[in-house]
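Novice: any chance you can model this:
(one chain, ligands or ions: 2)
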Amino acid sequence: MVLYSPLSSAPAARWKQLLLTKKSLIASIFVIFSLLGLLELLLERGISSRILSSFSLTPNSSSSDQSPLSCSNLFEPSSFQHSTPRPTYSRKANATFLTLARNSDLAGVIHSMKQVEGRFNRDRHYPWVFLNDEPFTEEFIRCTSAVTSAKTHYGQIPRDQWVQPDFIDEDRATKARKALSKIRGVFYADSVSYRNMCRFYSGFFYRQPLLQDFKYYWRVEPDINYRCEIEYDPFLYMEDNNKAYGFTISVPEQKETTPTLWDTSMEFFNQNPQYLHPNNAMRFASKDEGKTWTRCTYWTNFEIGDLDFFRGSEGYNKYFEHLETAGGFYYERWGDAPMHGIAISLLLDRERIHHFDDIAYEHTGWEQCPDPLTPAYERGRCSCDYGNSMAVKWKRYSCQADFDAALAVPRINTE
Ligand SMILES: Nc1nc2c(ncn2[C@@H]2O[C@H](COP(=O)(O)OP(=O)(O)O)[C@@H](O)[C@H]2O)c(=O)[nH]1
Ligand SMILES: [Mg+2]
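Specialist: Ligands and ions are numbered 1, 2, ... in the order given. This next block holds a predicted model:
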């Protein structure tokens with residue numbers, strides 16, 4: 001057998017020819033792009049940059065780059081089949097999915113919707129509520145409504161519930177953002193819009209008119225994954241078991257984003273002890289009866305909640321007002337996760353907080369996968385690795401042990 005070598009004399013001519021072909025190929029590409037550049041100059045329409053960017057189109061790329069008819073291109077090969085006969089469910093909760101998004105989040109939103117529809121909602125037909133601080137584009141509405149057989153609703157958040165309030169001292173807020181940006185590893189340190197989003201999810205989401213007729217919401221963010229079928233109805237689980245708040249993953253908040261949140265919170269609860277539930281889950285938030293904070297939060301990009309609790313709880317709304325007045329959403333970077341974490345843990349009977357340990361959920365690489373020894377894993381035909389779960393692989397960053405400890409605290413008889 002003769003091994004091919006470009007240095008051997010016999011194929012030398014062919015090698016030379018190959019080099020020539022390669023050179024002419026490069027020359028042709030050069031000519032094509034020069035022509036495109038020329039055309040671009042003439043038409044001033046950015047053709048070549050669009051051709052180049054189409055080579056690196058990712059699911060996260062901005063939808064505004066795409067033509068109005070392009071939403072169909074965002075669909076991956078279908079992960080679920082509409083053709084097979086599906087069960088019909090006669091009982092439903094009064095519930096909706098809730099997605100806050102920018103128009104530029106379209107591709108990620110569609111990805112998430114397909115996950116939710118494919119793993120659960122194709123048979124249940126719960127509606128979707130989409131909220132945005134700007135008007136949704138016609139493309140966003142058309143593409144998202146095409147993914148679900150259920151109703152979709154689109155709302156714009158009132159400006160005063162989104163933008164930084166006037167009483168915030170902008171100089172102080174700017175200095176705080178600059179200082180936070182200098183610390184390595186703090187996400188969104190300099191972002192005002194992220195702060196708007198956190199404040200909105202802390203104190204305003206449940207006040208939106210589109211949510212007024214619903215009792216339960218299930219929060220869905222762009223670019224999330226459900227790795228098992230959801231074979232039962234989590235909304236009905238909430239209803240049947242009188243749950244007010246459900247989560248999948250719990251993690252501690254970063255110190256740098258919330259230096260004064262705990263003290264500000266304790267100030268409120270010390271002044272208003274009537275709002276503390278006697279059977280609360282304080283142990284989730286503090287190991288020493290409130291002196292120090294565990295920094296534990298329910299990771300709020302997944303949450304299923306009872307809107308009546310948020311709307312109707314005087315304690316929750318007064319607590320939010322107290323935080324709002326302190327200004328820490330802008331002078332620091334208080335997140336909705338630590339705010340919800342403290343409020344839910346202190347205001348609610350801990351029996352009303354539920355860990356959905358059978359739901360396989362992933363976002364930004366952090367995930368929860370059910371234990372394969374539990375029925376949920378097989379029943380859900382899961383495609384995830386329990387060993388990668390936050391509470392297993394990253395146990396030291398998980399707050400699951402704190403939640404379990406909170407549930408184990410002996411109850412006070414309130415009869
Ligand atoms: N309308 C709107 N939605 C936003 C804005 N910033 C964030 N969001 C949404 O708020 C949620 C959380 O934001 P995300 O960037 O995913 O935060 P992360 O998961 O903490 O990295 C997502 O549903 C985003 O689409 C914004 O400025 N406007
Ligand atoms: Mg996110």
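Novice: can you show me the strands along the stretch 51-200 of the chain?
Specialist: For the stretch 51-200 of the chain, the strands defined by DSSP state E, counting those that start in this stretch occupy 95-100, 128-132, 152-156.
Novice: can you tell me which of these is packed in deepest?
Specialist: Comparing the strands of the stretch 51-200 of the chain by mean neighbour count (mean count of other C-beta atoms under 10 Å), strand 95-100 comes out on top with a mean of 24. All C-beta spots, glycine's among them, are computed from the backbone N, C-alpha and C.
Novice: what about the residue of the chain found nearest ligand 1, how many residues close to it?
Specialist: Residue nearest to ligand 1 within the chain: residue 193 (3.6 Å; C-beta to the nearest ligand atom). Counted with other C-beta atoms under 10 Å, the neighbours of residue 193 add up to 13.
Novice: separation between it and residue 168?
Specialist: Residue 193 sits 14 Å away from residue 168, going by C-beta to C-beta, to the nearest Å.
Novice: might you enumerate the residues of the stretch 101-250 of the chain proximal to ligand 1?
Specialist: Taking C-beta under 6 Å from any ligand atom as the contact definition, the stretch 101-250 of the chain meets ligand 1 at 101, 102, 105, 132, 133, 193, 194, 197, 221, 222.
Novice: restricted to helices, list those.
Specialist: Counting by DSSP state H, these place 193, 194, 197 in helices.
Novice: save the residues of the stretch 101-250 of the chain next to ligand 1 as CSV, and put in distance to residue 159 and pLDDT too.
Specialist: CSV is the format used below for those (distance: C-beta to C-beta, whole Å; pLDDT from 0 to 100):
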residue, distance to residue 159, pLDDT
101, 18, 98
102, 16, 98
105, 20, 98
132, 12, 99
133, 8, 98
193, 13, 98
194, 17, 98
197, 14, 98
221, 23, 98
222, 23, 98
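Novice: just the closest of those to residue 271, please.
Specialist: Nearest to residue 271, judged by C-beta to C-beta, of these is residue 197 at 28.4 Å.
Novice: now that closest one. Nearest residue, chain neighbours left out?
Specialist: Leaving aside its sequence neighbours, residue 197 sits nearest to residue 100 (C-beta to C-beta, 6 or more residues apart in numbering; 6.9 Å).
Novice: which of the residues of the stretch 101-250 of the chain next to ligand 1 are buried?
Specialist: Among these, those buried by neighbour count (16 or more other C-beta atoms under 10 Å) are 101, 102, 105, 132, 133, 197, 221, 222.
Novice: quick one: contacts for the nearest residue to the first one once chain neighbours are set aside?
Specialist: Spelled out, it's residue 101. Distances taken as C-beta to C-beta, 6+ apart place residue 109 nearest to residue 101, at 5.1 Å, with adjacent residues excluded. Residues in contact with residue 109, defined by C-beta atoms under 8 Å, 6 or more residues apart in numbering, are 99, 101, 130, 140, 144, 222.
Novice: please apply the same query to residue 305.
Specialist: Per C-beta under 8 Å, 6+ apart, neighbours of residue 305: 216, 217, 219, 244, 245, 246.
Novice: go on, residue 169?
Specialist: Applying C-beta under 8 Å, 6+ apart, the residues contacting residue 169 are residue 327.
Novice: so where does residue 319 fall, helix or strand?
Specialist: Assigned by DSSP states H and E, residue 319 belongs to helix 314-326.
Novice: average pLDDT for the helix or strand that that helix is followed by?
Specialist: Once the chain leaves helix 314-326, the next helix or strand it forms, by DSSP H and E, is helix 328-331. In this model, helix 328-331 has a mean pLDDT of 98.
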